[in-house]
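Engineer: test case, fold it:
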Amino acid sequence: MFVSASPLEQFEIINLIPIYFYSFNLSFTNASLSLFLVMCITFFWLSLSFFKVKLIPNYWQLIHEELYFLTSNIVSENLNSKGEIYFPFIFTLHLFLLFSNLVGMVPYSFTVTSHIAFTFGLSLSIFIGINIIGLKTHGLNFFSLFLPRNVPLIIVPLLISIEFLSYIVKVFTLAIRLFANMTSGHTLLKIIAGFAWTMLISGGLFSFLHLIPLGLLFILIGLELAIAILQAYVFTLLTCIYLNDVLDLH
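Structural biologist: Numbering: from 1, shown residues only. Take a look at the predicted model:
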C-alpha cells in the first residue's frame, strides 16, 4: 500500500550534527545547511559576475548588473540620495532573500524563508536597526512619528495608540507575507506532485490521467518561481519604505 508523505514534511527541521550545550540546542540542521549553501551560491555567483569583466558584459555580468540596477532604483526612488549609505545592506538583503527562495525551489532542498521563526527574526532585526537609525538621526524628536501635527489634544492618546500599533504591526506583516507565500506555494506543489504520483501508480486509466495534474504542476512551478523572485523584491522594497519613514518624519 502506498502512503503519501505529508506535504508539510518538507518544512521539518532535522538535526544533521547534534550539538547540545547544557539545555541549549545548537545543532547544525538542514536549515543551517541551507543558509550555508545560499551564502556559497551567492559568493560563487558574484565571483562569476566579476570574472573577466568586459565593456560588453557576458551573461553573468549582465544579470548581475540588472539586479544591481534594480536594487539601486528601489533605493533611489524610496530613499533618494540619503539612502546611498544603506545600499550595501539593501543589496545584500535582496540577494540573500532571492537566492534563499530560489534554492528552496530545488527538489529535496530546504526553504528557510518558509519558516515564520526565520522571517520574523529577520524582520525584527531590520525593524530594530531601522529604529536605531531613526533615534540616531532625530534624537527624541523621532517619537513625533506617532503624533501628526495640528491634532486636537483630546484625541492625542487615541491617535498615539493607533499609530504605535500600526507601526509595530509592520514587523508581523513583513514576516508573515514572505512566510505565507513561500509556505503555501511549496505546500501546493507537494500536494499536486503527490496527487500525480498516486494516479500514476494506480494503474489503468489513471496512469494516463496523471498527465493532467503533472501539466498543472509545471505551470505552478513557473508561477512559484515568479513568486520567489517577487517576494524578495517586495521584502526589499518594504524595508526601504520603512527606512524612509524614520528618516523623513511627518
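Engineer: what about L147, how many residues nearby?
Structural biologist: 13 (other Cβ atoms under 10 Å). C-beta coordinates here come from the backbone N, C-alpha and C atoms, glycine included.
Engineer: same deal with I132?
Structural biologist: Neighbours of I132 (other Cβ under 10 Å): 11.
Engineer: quick check: which element contains it?
Structural biologist: Assessed by DSSP states H and E, I132 sits inside helix 116-138.
Engineer: so which elements touch that helix?
Structural biologist: The helices and strands touching helix 116-138, judged by 3 or more Cβ pairs under 8 Å, 6 or more residues apart in numbering; DSSP states H and E, are helix 156-202, helix 211-247.
Engineer: quick one: these as TSV, columns for distance to S125 and mean pLDDT too.
Structural biologist: Converted to TSV, these look like this (distance: least, Cβ to Cβ, whole Å; pLDDT from 0 to 100):
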stretch	distance to S125	mean pLDDT
helix 156-202	10	85
helix 211-247	11	89
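Engineer: in stretch 138-152, what counts as buried?
Structural biologist: For stretch 138-152, a neighbour-count test (16 or more other Cβ atoms under 10 Å) marks 138, 142, 145-146 as buried.
Engineer: distance to Y20, pLDDT and secondary structure added to these, as JSON lines?
Structural biologist: Output for the buried residues of stretch 138-152, formatted as JSON lines (distance: Cβ to Cβ, whole Å; pLDDT from 0 to 100; DSSP: H, G, I helix; E, B strand; the rest coil):
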{"residue": "H138", "distance to Y20": "45", "pLDDT": "82", "secondary structure": "helix"}
{"residue": "F142", "distance to Y20": "42", "pLDDT": "81", "secondary structure": "helix"}
{"residue": "L145", "distance to Y20": "43", "pLDDT": "78", "secondary structure": "helix"}
{"residue": "F146", "distance to Y20": "44", "pLDDT": "78", "secondary structure": "helix"}
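Engineer: got the helices and strands packed on helix 116-138 as a markdown table, with mean neighbour count and distance to F28 columns?
Structural biologist: Shown next, in a markdown table, are those (neighbours: other Cβ atoms under 10 Å; distance: least, Cβ to Cβ, whole Å):
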| stretch | mean neighbour count | distance to F28 |
| --- | --- | --- |
| helix 156-202 | 16 | 22 |
| helix 211-247 | 17 | 25 |
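Engineer: how about those helices, which one is nearest M39?
Structural biologist: helix 211-247 (15.5 Å; Cβ to Cβ).
Engineer: can you read off the pLDDT for E65?
Structural biologist: Note on E65: pLDDT of 82.
Engineer: against S49, how distant is it?
Structural biologist: 8 Å (Cβ to Cβ, to the nearest Å).
Engineer: please apply the same query to I241.
Structural biologist: 28 Å.
Engineer: please apply the same query to F96.
Structural biologist: From F96 to S49 the distance is 16 Å (Cβ to Cβ).
Engineer: one step back: closest one to G104 out of the buried residues of stretch 138-152, please.
Structural biologist: Nearest to G104 among the buried residues of stretch 138-152, with distances taken as Cβ to Cβ, is L145, at 35.4 Å.
Engineer: for the closest one, which non-adjacent residue is closest in space?
Structural biologist: Excluding the flanking residues, the one nearest L145 by Cβ to Cβ, 6 or more residues apart in numbering is L249, at 5.4 Å.
Engineer: wait, doesn't that neighbour sit right on S144?
Structural biologist: Yes. Between L249 and S144 there is a contact under Cβ atoms under 8 Å: 5.7 Å.
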